[in-house]
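Peer 1: Let's see this in three dimensions:
(one chain, ligands or ions: 2)
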Amino acid sequence: MNLKGVQLSLATLLIASFAPVIGMGKSRTVTAVPTPQAAAVAPKKAEEQFKNIQVLKGIPAEQVFPTMQFITASLGVECEFCHVQNAFDKDDKKPKQTARKMMEMMFAINKNNFDGHREVTCYSCHRGSAHPAAIPGVMADDTPLKPGEPHGMESVAKPAETKSNEGPTAAQLLDKYVQAAGGEAAIQNVNSRVMKGTIDFSGMSLPIDIYAKDPLKRISFTHMAEGDNITAFDGRDGWLGMSGHPLREMHGSDLDGAAIDADLHLATHLKQMFSESRTEGTAKIGDHDAYVVVGQREGKPPIRLYFDKESGLLVRLVRFGETALGWLPTQIDYADYRDVDGVKVPFRWTLARPSGRFTIQVSELKQNVPVDDGKFAKPLAAPEQSKAHQNSGKAARQRTDSSHRIWLAALVLCGNCVFGRLSLNGYVDFGSWL
Ligand code: HEC
Ligand code: HEC
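Peer 2: Ligands and ions are numbered 1, 2, ... in the order given. So this is what the prediction gives:
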(Lines give C-alpha, C1' and ligand atoms only; values in the text may rest on other atoms or scores of the structure.)
(Ligands and ions follow the chains in the order given, each with its own letter.)
Protein backbone atom coordinates (compact mmCIF):
# COMPACT_ATOMS: atom_id res chain seq x y z
CA MET A 1 0.00 0.00 0.00
CA ASN A 2 2.44 2.59 -1.17
CA LEU A 3 0.28 5.66 -1.48
CA LYS A 4 2.51 8.11 0.32
CA GLY A 5 3.13 10.12 -2.81
CA VAL A 6 -0.50 10.77 -3.47
CA GLN A 7 -1.16 11.49 0.13
CA LEU A 8 1.55 14.10 0.36
CA SER A 9 0.69 15.80 -2.88
CA LEU A 10 -2.77 16.29 -1.53
CA ALA A 11 -1.67 17.43 1.85
CA THR A 12 -2.97 20.98 1.64
CA LEU A 13 -6.23 20.06 2.92
CA LEU A 14 -9.64 20.71 4.09
CA ILE A 15 -10.06 20.77 7.78
CA ALA A 16 -13.30 19.19 8.86
CA SER A 17 -15.51 22.22 9.05
CA PHE A 18 -18.77 20.38 8.92
CA ALA A 19 -20.83 20.26 12.02
CA PRO A 20 -23.86 18.05 11.96
CA VAL A 21 -27.12 19.90 11.92
CA ILE A 22 -29.57 17.28 12.93
CA GLY A 23 -32.55 19.46 13.40
CA MET A 24 -32.79 19.02 17.12
CA GLY A 25 -32.26 22.68 17.79
CA LYS A 26 -35.83 23.33 18.78
CA SER A 27 -35.86 20.88 21.62
CA ARG A 28 -35.76 22.39 25.07
CA THR A 29 -34.48 19.18 26.56
CA VAL A 30 -31.35 19.02 24.45
CA THR A 31 -28.85 21.36 25.96
CA ALA A 32 -25.67 21.28 23.95
CA VAL A 33 -26.88 20.87 20.44
CA PRO A 34 -24.14 20.97 17.82
CA THR A 35 -24.25 24.20 15.90
CA PRO A 36 -22.68 24.94 12.55
CA GLN A 37 -19.39 26.68 13.11
CA ALA A 38 -19.84 30.40 12.87
CA ALA A 39 -18.84 31.83 9.51
CA ALA A 40 -17.46 28.52 8.34
CA VAL A 41 -15.27 28.77 5.28
CA ALA A 42 -17.07 27.69 2.14
CA PRO A 43 -16.33 24.02 1.58
CA LYS A 44 -13.72 23.31 -1.07
CA LYS A 45 -15.00 22.29 -4.45
CA ALA A 46 -13.95 19.02 -6.05
CA GLU A 47 -11.95 20.73 -8.79
CA GLU A 48 -10.10 22.86 -6.24
CA GLN A 49 -8.83 19.82 -4.43
CA PHE A 50 -8.40 17.24 -7.16
CA LYS A 51 -6.41 17.52 -10.34
CA ASN A 52 -8.58 16.21 -13.13
CA ILE A 53 -12.25 16.81 -12.44
CA GLN A 54 -14.14 17.45 -15.65
CA VAL A 55 -17.73 16.39 -15.02
CA LEU A 56 -18.21 16.63 -11.28
CA LYS A 57 -17.21 20.29 -11.14
CA GLY A 58 -18.88 22.27 -8.39
CA ILE A 59 -19.63 19.41 -6.00
CA PRO A 60 -18.10 19.65 -2.52
CA ALA A 61 -14.66 18.04 -2.44
CA GLU A 62 -15.73 15.89 0.50
CA GLN A 63 -18.32 14.25 -1.76
CA VAL A 64 -15.78 12.90 -4.25
CA PHE A 65 -15.05 9.73 -2.27
CA PRO A 66 -18.63 8.91 -1.36
CA THR A 67 -19.47 9.47 -5.04
CA MET A 68 -16.72 7.05 -6.07
CA GLN A 69 -18.11 4.55 -3.58
CA PHE A 70 -21.54 5.01 -5.06
CA ILE A 71 -20.07 4.11 -8.45
CA THR A 72 -18.20 1.04 -7.20
CA ALA A 73 -21.30 -0.20 -5.36
CA SER A 74 -23.49 0.39 -8.41
CA LEU A 75 -21.16 -1.43 -10.82
CA GLY A 76 -19.91 -4.10 -8.43
CA VAL A 77 -16.26 -3.22 -9.10
CA GLU A 78 -13.25 -1.92 -7.17
CA CYS A 79 -11.50 1.41 -7.70
CA GLU A 80 -8.88 -0.18 -9.93
CA PHE A 81 -11.51 -0.97 -12.53
CA CYS A 82 -11.14 2.68 -13.54
CA HIS A 83 -8.01 3.91 -11.78
CA VAL A 84 -4.32 3.17 -11.81
CA GLN A 85 -2.74 3.00 -8.39
CA ASN A 86 -1.16 6.19 -7.02
CA ALA A 87 -2.52 8.30 -9.87
CA PHE A 88 -6.24 8.75 -9.57
CA ASP A 89 -6.11 11.83 -11.80
CA LYS A 90 -4.79 9.88 -14.80
CA ASP A 91 -7.19 8.87 -17.55
CA ASP A 92 -5.26 5.73 -18.54
CA LYS A 93 -8.15 3.33 -18.24
CA LYS A 94 -10.95 3.21 -20.75
CA PRO A 95 -13.71 2.56 -18.18
CA LYS A 96 -12.84 5.85 -16.46
CA GLN A 97 -13.44 7.71 -19.68
CA THR A 98 -16.65 5.75 -20.24
CA ALA A 99 -17.74 6.59 -16.70
CA ARG A 100 -17.50 10.33 -17.49
CA LYS A 101 -19.77 9.86 -20.49
CA MET A 102 -22.12 7.80 -18.33
CA MET A 103 -22.36 10.64 -15.80
CA GLU A 104 -23.26 13.08 -18.57
CA MET A 105 -25.78 10.57 -19.87
CA MET A 106 -27.33 10.09 -16.44
CA PHE A 107 -27.65 13.85 -15.90
CA ALA A 108 -29.22 14.23 -19.36
CA ILE A 109 -31.71 11.39 -18.81
CA ASN A 110 -32.90 12.99 -15.60
CA LYS A 111 -32.97 16.48 -17.06
CA ASN A 112 -34.86 15.50 -20.20
CA ASN A 113 -37.28 13.00 -18.68
CA PHE A 114 -37.67 13.60 -14.97
CA ASP A 115 -37.63 17.41 -14.57
CA GLY A 116 -34.06 17.17 -13.32
CA HIS A 117 -35.02 14.89 -10.39
CA ARG A 118 -32.41 12.21 -9.81
CA GLU A 119 -34.67 9.28 -10.68
CA VAL A 120 -32.19 7.31 -12.81
CA THR A 121 -28.72 6.62 -11.39
CA CYS A 122 -25.85 4.31 -12.30
CA TYR A 123 -27.51 1.64 -10.18
CA SER A 124 -30.82 1.81 -12.10
CA CYS A 125 -29.11 0.19 -15.08
CA HIS A 126 -26.01 -1.45 -13.64
CA ARG A 127 -27.49 -3.19 -10.58
CA GLY A 128 -24.14 -4.35 -9.32
CA SER A 129 -22.62 -5.26 -12.69
CA ALA A 130 -20.36 -3.46 -15.14
CA HIS A 131 -22.49 -4.80 -17.95
CA PRO A 132 -26.17 -4.01 -17.55
CA ALA A 133 -28.46 -6.75 -18.78
CA ALA A 134 -30.65 -5.80 -21.70
CA ILE A 135 -32.54 -9.08 -21.74
CA PRO A 136 -34.68 -10.32 -18.84
CA GLY A 137 -33.51 -13.55 -17.19
CA VAL A 138 -35.34 -16.84 -17.10
CA MET A 139 -36.55 -18.44 -13.89
CA ALA A 140 -33.62 -20.23 -12.28
CA ASP A 141 -35.62 -22.45 -9.94
CA ASP A 142 -39.15 -22.88 -8.72
CA THR A 143 -39.17 -20.00 -6.30
CA PRO A 144 -40.50 -16.86 -7.91
CA LEU A 145 -37.87 -14.20 -8.62
CA LYS A 146 -37.81 -11.26 -6.29
CA PRO A 147 -37.46 -8.27 -8.54
CA GLY A 148 -34.72 -5.79 -7.82
CA GLU A 149 -32.59 -7.85 -5.48
CA PRO A 150 -29.60 -9.05 -7.44
CA HIS A 151 -26.28 -10.04 -5.89
CA GLY A 152 -27.64 -10.85 -2.48
CA MET A 153 -28.16 -7.14 -1.93
CA GLU A 154 -31.28 -6.13 -0.20
CA SER A 155 -33.09 -3.21 -1.68
CA VAL A 156 -33.51 -0.40 0.80
CA ALA A 157 -35.06 2.13 -1.51
CA LYS A 158 -38.57 0.79 -1.28
CA PRO A 159 -39.85 -1.73 1.23
CA ALA A 160 -40.55 -5.04 -0.39
CA GLU A 161 -44.23 -5.14 0.42
CA THR A 162 -45.46 -1.61 0.42
CA LYS A 163 -49.15 -1.11 0.90
CA SER A 164 -49.87 2.57 0.91
CA ASN A 165 -52.41 4.56 2.88
CA GLU A 166 -52.80 1.98 5.56
CA GLY A 167 -52.74 2.11 9.31
CA PRO A 168 -51.73 4.83 11.74
CA THR A 169 -50.23 8.20 10.83
CA ALA A 170 -46.50 8.83 11.15
CA ALA A 171 -47.10 11.09 14.16
CA GLN A 172 -49.03 8.33 15.93
CA LEU A 173 -46.27 5.80 15.23
CA LEU A 174 -43.57 8.16 16.50
CA ASP A 175 -45.59 8.73 19.69
CA LYS A 176 -46.20 5.03 20.11
CA TYR A 177 -42.47 4.40 19.79
CA VAL A 178 -41.73 6.83 22.63
CA GLN A 179 -44.33 5.06 24.81
CA ALA A 180 -43.07 1.59 23.84
CA ALA A 181 -39.49 2.58 24.63
CA GLY A 182 -40.44 3.59 28.17
CA GLY A 183 -42.01 7.03 27.84
CA GLU A 184 -40.54 10.53 27.54
CA ALA A 185 -39.54 10.88 31.21
CA ALA A 186 -37.72 7.55 31.49
CA ILE A 187 -35.91 8.12 28.18
CA GLN A 188 -34.84 11.65 29.19
CA ASN A 189 -33.59 10.23 32.44
CA VAL A 190 -30.83 8.24 30.74
CA ASN A 191 -27.66 10.33 30.63
CA SER A 192 -25.06 7.68 29.92
CA ARG A 193 -24.86 4.12 28.67
CA VAL A 194 -21.84 1.85 28.90
CA MET A 195 -21.87 -1.40 26.96
CA LYS A 196 -19.66 -4.43 26.58
CA GLY A 197 -20.14 -7.02 23.90
CA THR A 198 -18.87 -8.52 20.69
CA ILE A 199 -18.76 -7.26 17.13
CA ASP A 200 -19.00 -9.79 14.32
CA PHE A 201 -17.93 -9.05 10.76
CA SER A 202 -16.29 -10.89 7.89
CA GLY A 203 -16.08 -14.06 9.92
CA MET A 204 -14.31 -12.34 12.82
CA SER A 205 -15.70 -11.91 16.29
CA LEU A 206 -14.01 -9.27 18.44
CA PRO A 207 -14.70 -7.73 21.83
CA ILE A 208 -16.10 -4.20 21.79
CA ASP A 209 -16.66 -1.50 24.43
CA ILE A 210 -19.08 1.33 23.78
CA TYR A 211 -19.55 4.49 25.85
CA ALA A 212 -22.34 6.95 25.18
CA LYS A 213 -23.08 10.11 27.09
CA ASP A 214 -25.61 12.89 26.80
CA PRO A 215 -25.50 15.05 24.73
CA LEU A 216 -24.51 13.13 21.60
CA LYS A 217 -21.17 11.75 22.71
CA ARG A 218 -20.23 8.23 21.74
CA ILE A 219 -17.06 6.22 21.40
CA SER A 220 -16.48 2.55 20.65
CA PHE A 221 -13.33 0.50 21.01
CA THR A 222 -13.03 -2.66 18.95
CA HIS A 223 -10.25 -4.68 20.53
CA MET A 224 -7.99 -6.30 17.94
CA ALA A 225 -4.73 -8.14 18.49
CA GLU A 226 -3.04 -5.21 16.71
CA GLY A 227 -4.60 -2.59 18.99
CA ASP A 228 -7.93 -0.81 19.21
CA ASN A 229 -10.04 0.41 16.33
CA ILE A 230 -11.93 3.43 17.54
CA THR A 231 -15.02 5.20 16.22
CA ALA A 232 -15.85 8.40 18.06
CA PHE A 233 -18.21 11.35 17.97
CA ASP A 234 -17.91 14.14 20.53
CA GLY A 235 -21.15 15.95 19.77
CA ARG A 236 -19.62 17.89 16.91
CA ASP A 237 -16.62 16.19 15.35
CA GLY A 238 -16.22 12.54 14.53
CA TRP A 239 -13.06 10.57 14.05
CA LEU A 240 -11.67 7.11 13.55
CA GLY A 241 -8.58 5.63 15.07
CA MET A 242 -6.80 2.59 13.72
CA SER A 243 -3.77 1.11 15.32
CA GLY A 244 -0.65 2.28 13.51
CA HIS A 245 -2.47 4.82 11.32
CA PRO A 246 -3.14 8.53 11.69
CA LEU A 247 -6.57 9.62 12.89
CA ARG A 248 -9.30 10.05 10.32
CA GLU A 249 -11.85 12.81 10.50
CA MET A 250 -15.45 12.05 9.65
CA HIS A 251 -17.15 14.19 7.06
CA GLY A 252 -20.58 15.08 5.78
CA SER A 253 -23.18 12.37 6.12
CA ASP A 254 -20.94 10.23 8.33
CA LEU A 255 -21.17 12.96 10.96
CA ASP A 256 -24.90 13.05 10.48
CA GLY A 257 -25.08 9.29 11.06
CA ALA A 258 -22.73 9.40 14.03
CA ALA A 259 -24.92 12.03 15.70
CA ILE A 260 -27.97 9.82 15.26
CA ASP A 261 -26.15 6.80 16.70
CA ALA A 262 -24.91 8.85 19.64
CA ASP A 263 -28.34 10.15 20.62
CA LEU A 264 -29.50 8.46 23.81
CA HIS A 265 -32.86 10.20 23.45
CA LEU A 266 -33.40 9.59 19.75
CA ALA A 267 -36.94 8.32 20.25
CA THR A 268 -38.00 11.64 21.71
CA HIS A 269 -36.16 13.68 19.07
CA LEU A 270 -37.50 12.12 15.90
CA LYS A 271 -40.54 14.37 15.60
CA GLN A 272 -38.50 17.56 15.75
CA MET A 273 -35.94 16.15 13.38
CA PHE A 274 -38.43 15.82 10.54
CA SER A 275 -39.91 18.69 8.60
CA GLU A 276 -42.46 16.23 7.32
CA SER A 277 -43.18 12.55 7.92
CA ARG A 278 -45.57 10.02 6.49
CA THR A 279 -46.42 6.35 6.77
CA GLU A 280 -45.49 4.41 3.67
CA GLY A 281 -47.32 1.18 4.30
CA THR A 282 -45.89 -1.95 5.83
CA ALA A 283 -42.92 -4.24 5.31
CA LYS A 284 -41.70 -7.55 6.68
CA ILE A 285 -38.57 -7.50 8.82
CA GLY A 286 -37.68 -11.11 9.55
CA ASP A 287 -41.01 -12.62 10.47
CA HIS A 288 -42.39 -9.41 11.95
CA ASP A 289 -44.65 -6.88 10.27
CA ALA A 290 -43.54 -3.30 10.53
CA TYR A 291 -44.95 0.10 9.61
CA VAL A 292 -42.64 2.17 7.45
CA VAL A 293 -42.31 5.87 8.24
CA VAL A 294 -40.35 8.21 5.99
CA GLY A 295 -39.11 11.38 7.65
CA GLN A 296 -37.98 14.32 5.52
CA ARG A 297 -35.26 16.62 6.76
CA GLU A 298 -34.32 20.10 5.56
CA GLY A 299 -31.41 19.92 3.13
CA LYS A 300 -30.64 16.29 3.87
CA PRO A 301 -31.66 12.87 2.61
CA PRO A 302 -34.71 11.42 4.38
CA ILE A 303 -34.63 8.73 7.06
CA ARG A 304 -36.74 5.58 6.86
CA LEU A 305 -37.97 4.09 10.10
CA TYR A 306 -39.57 0.69 10.56
CA PHE A 307 -41.75 0.21 13.64
CA ASP A 308 -42.81 -3.24 14.79
CA LYS A 309 -46.57 -3.48 14.35
CA GLU A 310 -47.06 -5.17 17.70
CA SER A 311 -44.48 -3.69 20.04
CA GLY A 312 -44.24 -0.26 18.39
CA LEU A 313 -40.44 -0.41 18.80
CA LEU A 314 -37.96 0.70 16.14
CA VAL A 315 -36.69 -2.41 14.36
CA ARG A 316 -34.95 -0.78 11.41
CA LEU A 317 -33.51 2.62 10.52
CA VAL A 318 -32.23 3.42 7.04
CA ARG A 319 -30.31 6.61 6.41
CA PHE A 320 -28.60 7.82 3.27
CA GLY A 321 -25.33 9.53 2.50
CA GLU A 322 -25.45 12.18 -0.18
CA THR A 323 -23.17 11.79 -3.21
CA ALA A 324 -23.07 13.55 -6.57
CA LEU A 325 -24.71 10.59 -8.31
CA GLY A 326 -27.07 9.02 -5.81
CA TRP A 327 -27.59 8.03 -2.19
CA LEU A 328 -25.46 5.51 -0.32
CA PRO A 329 -27.61 3.62 2.18
CA THR A 330 -26.83 2.56 5.74
CA GLN A 331 -29.34 0.19 7.28
CA ILE A 332 -29.44 -0.62 10.98
CA ASP A 333 -31.63 -3.42 12.32
CA TYR A 334 -32.33 -3.35 16.06
CA ALA A 335 -33.19 -6.51 17.97
CA ASP A 336 -33.09 -8.19 21.38
CA TYR A 337 -34.82 -5.29 23.14
CA ARG A 338 -34.51 -5.54 26.91
CA ASP A 339 -35.81 -3.45 29.77
CA VAL A 340 -33.12 -1.44 31.57
CA ASP A 341 -34.13 1.16 34.18
CA GLY A 342 -37.58 1.44 32.62
CA VAL A 343 -36.39 1.98 29.04
CA LYS A 344 -36.27 -0.54 26.22
CA VAL A 345 -32.76 -0.86 24.81
CA PRO A 346 -31.73 -2.99 21.81
CA PHE A 347 -28.97 -5.41 22.87
CA ARG A 348 -28.23 -6.39 19.29
CA TRP A 349 -27.99 -4.41 16.09
CA THR A 350 -26.75 -5.09 12.59
CA LEU A 351 -25.41 -2.27 10.49
CA ALA A 352 -25.26 -2.91 6.73
CA ARG A 353 -23.86 -0.86 3.88
CA PRO A 354 -23.13 -1.69 0.24
CA SER A 355 -19.49 -2.22 1.29
CA GLY A 356 -20.03 -4.45 4.33
CA ARG A 357 -21.96 -5.25 7.47
CA PHE A 358 -21.41 -6.00 11.13
CA THR A 359 -23.45 -7.15 14.11
CA ILE A 360 -22.94 -6.00 17.67
CA GLN A 361 -24.29 -8.11 20.51
CA VAL A 362 -24.25 -6.46 23.90
CA SER A 363 -23.64 -8.71 26.89
CA GLU A 364 -23.34 -6.13 29.67
CA LEU A 365 -25.06 -2.78 29.86
CA LYS A 366 -25.09 -0.07 32.52
CA GLN A 367 -26.85 3.28 32.47
CA ASN A 368 -26.31 6.54 34.31
CA VAL A 369 -22.83 5.64 35.45
CA PRO A 370 -20.29 8.46 35.41
CA VAL A 371 -18.32 8.70 32.15
CA ASP A 372 -15.55 11.28 31.99
CA ASP A 373 -15.83 13.78 29.11
CA GLY A 374 -12.15 13.17 28.46
CA LYS A 375 -13.11 9.74 27.19
CA PHE A 376 -14.46 11.34 24.03
CA ALA A 377 -11.62 13.78 23.45
CA LYS A 378 -9.70 13.33 20.26
CA PRO A 379 -6.15 12.20 20.97
CA LEU A 380 -3.37 14.03 19.15
CA ALA A 381 -1.70 10.87 17.89
CA ALA A 382 -2.90 7.60 16.48
CA PRO A 383 -3.85 4.92 18.98
CA GLU A 384 -0.82 2.90 19.94
CA GLN A 385 -0.22 -0.48 18.50
CA SER A 386 -0.31 -3.15 21.10
CA LYS A 387 3.02 -4.39 22.36
CA ALA A 388 2.23 -7.87 21.19
CA HIS A 389 1.91 -6.64 17.69
CA GLN A 390 5.03 -4.50 17.74
CA ASN A 391 7.27 -7.12 19.23
CA SER A 392 6.20 -10.26 17.51
CA GLY A 393 8.78 -11.31 14.94
CA LYS A 394 6.23 -11.23 12.21
CA ALA A 395 6.82 -12.23 8.67
CA ALA A 396 5.79 -9.91 5.88
CA ARG A 397 2.89 -12.17 5.16
CA GLN A 398 1.61 -11.84 8.69
CA ARG A 399 1.96 -8.09 8.52
CA THR A 400 -0.11 -7.97 5.40
CA ASP A 401 -2.77 -10.11 7.03
CA SER A 402 -3.02 -7.92 10.04
CA SER A 403 -3.03 -4.67 8.13
CA HIS A 404 -5.72 -6.25 6.02
CA ARG A 405 -7.73 -6.97 9.15
CA ILE A 406 -7.29 -3.43 10.44
CA TRP A 407 -8.47 -1.95 7.17
CA LEU A 408 -11.33 -4.34 6.96
CA ALA A 409 -12.44 -3.37 10.44
CA ALA A 410 -12.12 0.32 9.62
CA LEU A 411 -14.01 -0.11 6.39
CA VAL A 412 -16.77 -1.86 8.22
CA LEU A 413 -16.94 0.60 11.09
CA CYS A 414 -17.01 3.77 9.07
CA GLY A 415 -17.99 2.59 5.66
CA ASN A 416 -18.93 5.45 3.45
CA CYS A 417 -16.55 8.00 4.65
CA VAL A 418 -12.96 7.33 4.53
CA PHE A 419 -11.79 4.11 3.05
CA GLY A 420 -11.93 2.30 -0.23
CA ARG A 421 -10.38 -0.76 -1.62
CA LEU A 422 -8.21 -0.24 -4.64
CA SER A 423 -7.51 -3.90 -5.03
CA LEU A 424 -7.65 -6.96 -2.86
CA ASN A 425 -4.61 -6.08 -0.84
CA GLY A 426 -4.28 -2.38 -1.40
CA TYR A 427 -6.55 -0.19 0.65
CA VAL A 428 -6.89 3.44 -0.26
CA ASP A 429 -6.90 5.75 2.65
CA PHE A 430 -9.21 8.58 1.65
CA GLY A 431 -9.07 10.16 5.04
CA SER A 432 -5.62 11.55 4.77
CA TRP A 433 -6.68 13.48 1.71
CA LEU A 434 -9.59 15.26 3.27
C1 HEC B 1 -16.41 3.23 -13.08
C2 HEC B 1 -15.22 4.06 -13.00
C3 HEC B 1 -14.71 4.53 -11.67
C4 HEC B 1 -14.54 3.80 -10.51
C5 HEC B 1 -14.87 2.34 -10.27
C6 HEC B 1 -13.94 4.70 -9.56
N7 HEC B 1 -13.75 5.93 -10.11
FE8 HEC B 1 -12.78 7.49 -9.28
N9 HEC B 1 -13.13 8.61 -10.93
C10 HEC B 1 -13.83 8.19 -12.05
C11 HEC B 1 -14.01 9.31 -12.95
C12 HEC B 1 -14.73 9.29 -14.27
C13 HEC B 1 -13.38 10.42 -12.33
C14 HEC B 1 -13.30 11.83 -12.89
C15 HEC B 1 -14.58 12.56 -12.64
C16 HEC B 1 -14.66 13.87 -13.38
O17 HEC B 1 -13.93 14.08 -14.33
O18 HEC B 1 -15.51 14.70 -12.98
C19 HEC B 1 -12.82 9.93 -11.09
C20 HEC B 1 -12.09 10.71 -10.20
C21 HEC B 1 -11.50 10.26 -9.05
C22 HEC B 1 -10.62 11.02 -8.22
C23 HEC B 1 -10.11 12.43 -8.49
C24 HEC B 1 -8.72 12.31 -9.11
C25 HEC B 1 -8.14 13.67 -9.52
O26 HEC B 1 -7.17 14.09 -8.89
O27 HEC B 1 -8.70 14.27 -10.45
C28 HEC B 1 -10.28 10.23 -7.17
C29 HEC B 1 -9.35 10.58 -6.01
C30 HEC B 1 -10.98 8.99 -7.32
N31 HEC B 1 -11.71 9.03 -8.49
C32 HEC B 1 -10.92 7.94 -6.43
C33 HEC B 1 -11.61 6.75 -6.59
C34 HEC B 1 -11.62 5.71 -5.60
C35 HEC B 1 -10.88 5.75 -4.27
C36 HEC B 1 -12.38 4.71 -6.10
C37 HEC B 1 -12.78 3.40 -5.42
C38 HEC B 1 -13.58 3.56 -4.20
C39 HEC B 1 -12.84 5.12 -7.41
N40 HEC B 1 -12.35 6.37 -7.66
C41 HEC B 1 -13.60 4.34 -8.25
C42 HEC B 1 -14.25 6.91 -12.29
C43 HEC B 1 -14.22 5.87 -11.40
C1 HEC C 1 -29.48 4.06 -18.85
C2 HEC C 1 -28.68 2.96 -18.40
C3 HEC C 1 -27.31 3.28 -17.81
C4 HEC C 1 -27.00 4.19 -16.84
C5 HEC C 1 -27.92 5.15 -16.10
C6 HEC C 1 -25.58 4.07 -16.61
N7 HEC C 1 -25.06 3.13 -17.42
FE8 HEC C 1 -23.11 2.61 -17.56
N9 HEC C 1 -23.52 1.37 -19.07
C10 HEC C 1 -24.77 1.10 -19.57
C11 HEC C 1 -24.67 0.15 -20.66
C12 HEC C 1 -25.83 -0.41 -21.43
C13 HEC C 1 -23.29 -0.13 -20.82
C14 HEC C 1 -22.63 -1.06 -21.82
C15 HEC C 1 -22.38 -2.36 -21.11
C16 HEC C 1 -21.58 -3.34 -21.89
O17 HEC C 1 -20.69 -2.93 -22.61
O18 HEC C 1 -21.87 -4.52 -21.72
C19 HEC C 1 -22.61 0.66 -19.81
C20 HEC C 1 -21.23 0.65 -19.62
C21 HEC C 1 -20.57 1.30 -18.62
C22 HEC C 1 -19.16 1.21 -18.39
C23 HEC C 1 -18.15 0.43 -19.21
C24 HEC C 1 -17.98 -0.95 -18.63
C25 HEC C 1 -16.81 -1.67 -19.25
O26 HEC C 1 -16.69 -2.88 -19.00
O27 HEC C 1 -16.02 -1.05 -19.93
C28 HEC C 1 -18.88 1.98 -17.30
C29 HEC C 1 -17.54 2.20 -16.66
C30 HEC C 1 -20.14 2.54 -16.85
N31 HEC C 1 -21.13 2.11 -17.68
C32 HEC C 1 -20.27 3.36 -15.76
C33 HEC C 1 -21.45 3.99 -15.42
C34 HEC C 1 -21.56 4.96 -14.37
C35 HEC C 1 -20.44 5.43 -13.47
C36 HEC C 1 -22.86 5.37 -14.34
C37 HEC C 1 -23.50 6.44 -13.47
C38 HEC C 1 -22.91 7.75 -13.58
C39 HEC C 1 -23.55 4.65 -15.39
N40 HEC C 1 -22.68 3.82 -16.00
C41 HEC C 1 -24.90 4.81 -15.66
C42 HEC C 1 -25.96 1.63 -19.12
C43 HEC C 1 -26.08 2.62 -18.17
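Peer 1: For the chain, list the residues in contact with ligand 1, please.
Peer 2: Counting by Cβ under 6 Å from any ligand atom, the chain comes close to ligand 1 at 50-56, 64, 68-69, 71-72, 75, 77, 79, 81-83, 88-89, 95-96, 99-100, 420, 428. C-beta: built from backbone N, CA, C; applies to glycine.
Peer 1: Narrow the residues you listed to those that are buried.
Peer 2: 50, 53, 56, 64, 68-69, 71-72, 75, 77, 79, 81-83, 88, 96, 99, 420, 428 (16 or more other Cβ atoms under 10 Å).
Peer 1: from memory residue 242 sits against residue 222, does it?
Peer 2: No: using Cβ atoms under 8 Å, residue 242 makes no contact with residue 222, being 9.8 Å away.
Peer 1: Name the residue in the two with the higher neighbour count.
Peer 2: Shown here are residue 242 and residue 222; by other Cβ atoms under 10 Å, residue 242 has more neighbours (29 against 26).
Peer 1: Confirm residue 179 sits in a helix?
Peer 2: Yes: judged by DSSP: H, G, I helix; E, B strand; the rest coil, residue 179 forms part of a helix.
Peer 1: how many neighbours does it have?
Peer 2: Considering only other Cβ under 10 Å, residue 179 is surrounded by 11 other residues.
Peer 1: so it touches residue 311, yeah?
Peer 2: No: if you go by Cβ under 8 Å, residue 179 and residue 311 don't touch, sitting 10.5 Å apart.
Peer 1: and the chain, which of its residues are near ligand 2?
Peer 2: Listed as neighbours of ligand 2 in the chain under the rule Cβ under 6 Å from any ligand atom: 71, 75, 95, 98-99, 102-103, 106, 120, 122, 124-126, 130-132, 325.
Peer 1: again, only using 8 Å
Peer 2: Near ligand 2, the residues belonging to the chain are 71, 74-75, 77, 81-82, 94-96, 98-99, 102-103, 105-106, 109, 120-126, 130-132, 134, 325 when assessed by Cβ under 8 Å from any ligand atom.
Peer 1: what about the closest residue to residue 50 other than its chain neighbours, distance to ligand 2?
Peer 2: Nearest residue to residue 50, sequence neighbours excluded (Cβ to Cβ, 6 or more residues apart in numbering): residue 64, at 6.2 Å. As defined by Cβ to the nearest ligand atom, to the nearest Å, residue 64 lies at a distance of 13 Å from ligand 2.
Peer 1: Assumed residue 64 was part of a strand.
Peer 2: No: secondary structure of residue 64 (three-state DSSP): helix, not part of a strand.
Peer 1: so what's it up against?
Peer 2: Counting by Cβ atoms under 8 Å, 6 or more residues apart in numbering, residue 64 makes contact with 46, 49, 50, 53, 56, 324.
Peer 1: Next, the contact list for residue 258, please.
Peer 2: Residue 258 neighbours (Cβ under 8 Å, 6+ apart): 20, 218, 231, 233, 238, 250.
Peer 1: Would you check that the last one makes contact with residue 239?
Peer 2: To tie it back to what came earlier, the one meant is residue 250. Yes: here residue 250 lies in contact with residue 239, judged by Cβ under 8 Å, at a distance of 6.2 Å.
Peer 1: so how far is residue 85 from residue 337?
Peer 2: Here residue 337 is placed at a distance of 46 Å from residue 85 (Cβ to Cβ, to the nearest Å).
Peer 1: Low-confidence ranges, this structure, go.
Peer 2: 1-41, 143-166, 380-434 (pLDDT under 70).
Peer 1: picking that back up, of the contacts of residue 258, which pair is most distant in space?
Peer 2: The most widely separated members of the contacts of residue 258, counting by Cβ to Cβ, are 20 and 231 (14.8 Å).
Peer 1: out of those two, which sits in the busier spot?
Peer 2: Comparing residue 20 with residue 231 by other Cβ under 10 Å, the one with more neighbours is residue 20, at 28 against 24.
Peer 1: helix/strand/coil for whatever residue of the stretch 201-350 of the chain ends up closest to ligand 2?
Peer 2: Per Cβ to the nearest ligand atom, residue 325 is where the stretch 201-350 of the chain lies closest to ligand 2, at 5.1 Å. Three-state call for residue 325 (three-state DSSP): coil.
Peer 1: residue in the stretch 201-350 of the chain nearest to ligand 1?
Peer 2: residue 324 (8.5 Å).
Peer 1: hang on, that residue packs against residue 56?
Peer 2: Yes: if you go by Cβ under 8 Å, residue 324 and residue 56 touch, sitting 5.3 Å apart.
Peer 1: Domain parsing of the protein, as residue ranges.
Peer 2: 4-31+43-133, 170-388+397-417 (automatic domain parsing).
Peer 1: Of those domains, flag the one that's most buried.
Peer 2: domain 170-388+397-417 (a mean of 19; mean count of other Cβ atoms under 10 Å).
Peer 1: returning to that earlier point: list the contacts of the residue of the stretch 201-350 of the chain closest to ligand 1.
Peer 2: Here residue 324 is in contact with 56, 59, 63, 64, 67, 70 (criterion: Cβ under 8 Å, 6+ apart).
Peer 1: Having no further points to raise, I will conclude here.
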